[in-house]
Structures are given as structure tokens and as C-alpha cells.
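> model the following, please.
(one chain, ligands or ions: 2)
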Amino acid sequence: TNNRLILAFESSCDETSVAVVRNGNEILSNVVSSQIKSHQRFGGVVPEIASRHHVEQITYVIEQALTEADKTIEEMDAIAVTEGPGLVGALLIGVSAAKALAFTHDKPLIGVHHIEGHILANQLIEPLNYPLIALVVSGGHTELVYMKNNHSFEIIGETRDDAAGEAYDKVGRTMGLTYPGGAKIDQLAAEGEDTYNFPRAMLHEDNLDFSFSGLKSAFINTIHNKEQRNEPIDKANFAASFQAAVVDVLVGKTMRALEKYPVKQLLMAGGVAANQGLRTGLTVALTERFPDVKLIIPPLSLCGDNAAMIGAAADMLFEQGEFRGMDMNARPGFMF
Ligand code: KG4
Ligand code: ZN
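Numbering: from 1, shown residues only. Ligands and ions are numbered 1, 2, ... in the order given. This is a model prediction of the structure:
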């Protein structure tokens, strides 16, 4: 039909989210309940706490998503949910809720890969044009994904150790910032300068892979040395130096990917796509080197985890006739 409504769920980590998406490109509602405050004092996401929050929140979030969209479950054409990857206990809450609704209301069920969701979030901004490359940067992923068409997701480069967001959060912790530190470092970086010249790992190697653990160690060692000498920590310069190293590598490798794979569009995806330095860096480099490639930058609300992106990806799967049965299960290690 040309008026397809999908009720979508996302619960892979620490956001409980339900959305109503029309035709894979229009958000009727996108309710996100964040649990970050409950995890902050532990400095990271605690799986058991995440599961409990999802259980407590999900029925309210479903109600709110339907109310905001001014729709009923009966009007939905399908129910979609993140199958994985993610925390198994967290995923199970979304998967169980989606299966229960699909079963009781006799609706088709669709299972979505979390990263495909992050990438397809861009379809809520503008129509996708293939072939394309997506730079996926989140707390758990750093990948360059090549899509020849809407059926194929090919990882052409990835991190060999830490994800970019993970490095941001660990470095943030060293500076005494509350979890997750990414956005705070981004803000601090705007007030500082790249005075430390941290390593740009693998930047000049002829491959599309990344490594952030050396940068993280260099950062932590430099801070500890200063602390030992009782020197003041210039947080803004530390943040700016760290961010410059991350952005140089992400932008450099993305440009290398564009040299190898001619594409029509470059998409940003995942929580770190919210990064101002990265947004500017990619925009500048693309204008200079590949002015014909269209850069799509999702708004902040679609960078982090949310269910609208799952609804967008699910619409494509509906089109392809990819449905799940009642034996669908959470897939914590779901590969592309
Ligand atoms: O996609 P996401 O919400 O969850 C995962 O699937 O991981 O990404 C969360 C990550 C966290 O590591 C967070 O620190 C990072 O995205 N992040 C940022 C910014 N905003 C969020 N990192 C750098 N700069 C930002 N502005
Ligand atoms: Zn995510």
C-alpha cells in the first residue's frame, strides 16, 4: 500500500523507544525513554538495570507513541522490533512486547538489525540514493558500510578495538565527566585547541579500518603524567586534541572509502554522528574532495538510539517480504 503504518520497538541498550512510522519515511511519533541517569553512578550501562527499566517503561511508551500518532494498534500494518545486536536481556523486552502485540492483533512481525536501523534513519530525512556509504559511529560500533542497493549491507571497514563512542566515554571518565562523556567532550572541544597532537592510528595505512585504543591510552597517560606532576589539566585542550585525532581518522578513512567506492550519497549514523567536529569535518572534506557526493546528516534526535529508525528499516523489509514468525528471538550477536 502507499500508506503503510509500522509500530516499531527499540530496546537494545539503555533507551526504551516506540515509534509509529508511515511509509518508512515519515515519523508520526518517536517516543524515547532514556535511563541514562540510572546508569551514571556506575559509569556505564548495567545490563540488569537496563532490563528492569525496559520492563517498567515499555507499556507507557507504547501508549504514548500511539497517542501522539493518533493511531490504534488495529491501524498498524506491521509490528517491528530490534532483534540485535545488543544486550540480550534488554533486547528480550522489546522482542517479547512486539511478539505479544503481533500475536494478539494478528499483525505481521518484522525483525530489524540495529545498525541497519541507524543507517536507515537517514531515510526519514530524505530519499536514499544507491550506491551509498554509511559511516556508522556509536558506543558499540565504528564501521564503514557500503550499500550497493537496499538489499545489501557490506562492511568495508571497521574498528579493530574500541568503538569511537566507547573511546569518547572512557576518555570522558578520565576527565571526571559523567557517563556518557561524548557530547560533553564535543562541547569542551569547541573551547580548546589541538595542543597535544595525539596519534592518528592507521590513518595512512591502505585499508578502511580504525583503531582507537592507542589514542585512548595516549590520552590517559598524558593526563596521569600531568596529575602526577600536579600540573593543572586544561580540559578544553585535552578535549579538542582528542576530538581532532578522532575526527581526522574518521574523515580520512571515509575519504579513502569514497576513493575506492564511487557512490551517490554519504550517510552519517549512530550516536557519535551527533558530534559537531565530525559533522563539520565531513562537510568540509566532502565539499573539497567529492562535491558530487551528497552528505546526509541526521538531526540529533535520529543519531542516538530511537525506534523511528527501526520503523524506517522495517518498511524496507516489509517491501522485501522479510517477516518473522513467533519463534523470533533476541539475537545479541546479530551479524550483518
Ligand atoms: O547510537 P548510540 O545512542 O548507542 C549505541 O548504539 O551505542 O550511541 C551512544 C554513543 C555514546 O558513546 C556517546 O558518548 C556518543 O554516542 N555520543 C557522542 C556525542 N553524542 C553522543 N560522541 C561524540 N560527540 C557527541 N556529540
Ligand atoms: Zn545504537
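
> now the helix or strand residue 238 falls within: mean pLDDT?
Following DSSP states H and E, one finds residue 238 within helix 235-260. Rounded to a whole number, the mean pLDDT of helix 235-260 is 98.

> and that helix, anywhere near ligand 1?
No - Helix 235-260 does not reach ligand 1 (Cβ under 6 Å from any ligand atom); its nearest approach is 7.9 Å. Using the backbone N, CA and C atoms, a C-beta is placed for each residue, glycine as well.

> list the buried ones in that helix?
Across helix 235-260, burial judged by 16 or more other Cβ atoms under 10 Å covers 235-258.

> repeat for stretch 98-117
If you call a residue buried by 16+ other Cβ under 10 Å, then stretch 98-117 has these buried ones: 98-99, 101-102, 107-117.

> what's the span of that stretch from first residue to last?
16 Å (Cα to Cα, to the nearest Å).

> report whether it contacts ligand 1.
No - with Cβ under 6 Å from any ligand atom as the criterion, ligand 1 is not reached by stretch 98-117; the gap is at least 6.7 Å.

> now that stretch: average pLDDT?
The average pLDDT within stretch 98-117 is 98.

> just how off-centre is that stretch within its chain?
20 Å (Cα atoms, centre = their mean, to the nearest Å).

> does any part of that stretch sit near ligand 2?
No - applying Cβ under 5 Å from the ion, one finds stretch 98-117 separated from ligand 2 by no less than 5.7 Å.

> for whatever residue of the stretch 201-336 of the chain ends up closest to ligand 1, what are its contacts?
As assessed by Cβ to the nearest ligand atom, ligand 1 sits closest to residue 271 within the stretch 201-336 of the chain, at 2.1 Å. Residues near residue 271 by Cβ atoms under 8 Å, 6 or more residues apart in numbering: 137-139, 165, 180, 182, 303-305.

> hmm, residue 198 and residue 249 touching each other?
No - between residue 249 and residue 198 there is no contact under Cβ atoms under 8 Å: 10.3 Å.

> spatially nearest residue to the residue in the stretch 151-300 of the chain that ligand 2 sits nearest to, not counting backbone neighbours?
In the stretch 151-300 of the chain, the residue that lies nearest ligand 2 is residue 270 (5.7 Å; Cβ to the ion). Nearest non-adjacent residue to residue 270, counting by Cβ to Cβ, 6 or more residues apart in numbering: residue 138, 3.3 Å away.

> now do residue 207
Ranked by Cβ to Cβ, 6+ apart and with sequence neighbours excluded, the top spatial neighbour of residue 207 is residue 157, at 6.9 Å.

> again, but for residue 227
Per Cβ to Cβ, 6+ apart, closest to residue 227 is residue 233, 7.1 Å.

> for stretch 299-307, list every residue counted as buried.
302-307.

> first-to-last residue distance for that stretch?
End to end - Cα to Cα - stretch 299-307 spans 14 Å.

> numbering from 33 from now on, please.
Sure, I'll start numbering at 33, so the last one becomes stretch 331-339.

> need the mean per-residue confidence for that stretch.
On average, stretch 331-339 scores 97.

> extract the C-alpha set from the lowest-mean-pLDDT helix or strand in the chain and format it as PDB.
Taking mean pLDDT, DSSP states H and E as the measure, the chain has helix 68-72 as its least confident helix or strand, at a mean of 87. What follows is helix 68-72, C-alpha atoms only, in PDB (Å, rounded to 0.1, in the frame of the first residue of the first chain):
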ATOM      1  CA  ILE A  68      21.000   7.200  31.500                       C
ATOM      2  CA  LYS A  69      20.500   8.700  35.000                       C
ATOM      3  CA  SER A  70      20.200   5.200  36.500                       C
ATOM      4  CA  HIS A  71      23.500   4.100  35.000                       C
ATOM      5  CA  GLN A  72      25.500   7.200  35.500                       C
END
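
> give the buried residues for that helix.
Residues of helix 68-72 classed as buried by neighbour count (16+ other Cβ under 10 Å): residue 71.

> give the next helix or strand downstream of it.
Using DSSP H and E, the helix or strand that follows helix 68-72 towards the C-terminus is helix 79-101.

> can the helix or strand just after that following helix be found next to ligand 1?
Next helix or strand after helix 79-101 toward the C-terminus (DSSP H and E): strand 110-116. No - using Cβ under 6 Å from any ligand atom, strand 110-116 stays clear of ligand 1, coming no nearer than 10.0 Å.

> and strand 110-116, what other elements does it pack with?
strand 37-42, helix 120-136, strand 141-145, helix 146-152, helix 340-351 (3 or more Cβ pairs under 8 Å, 6 or more residues apart in numbering; DSSP states H and E).

> ok, that strand: who's next to it in the sheet?
Strand pairing for strand 110-116, determined by DSSP bridges: strand 37-42 (parallel), strand 141-145 (parallel).

> following the first one, which helix or strand comes up?
Put plainly, it is strand 37-42. strand 47-54.

> for that following strand, packing partners?
With contacts defined as 3+ Cβ pairs under 8 Å, 6+ apart, strand 47-54 has these neighbours: strand 37-42, strand 58-66, helix 79-101, helix 340-351.
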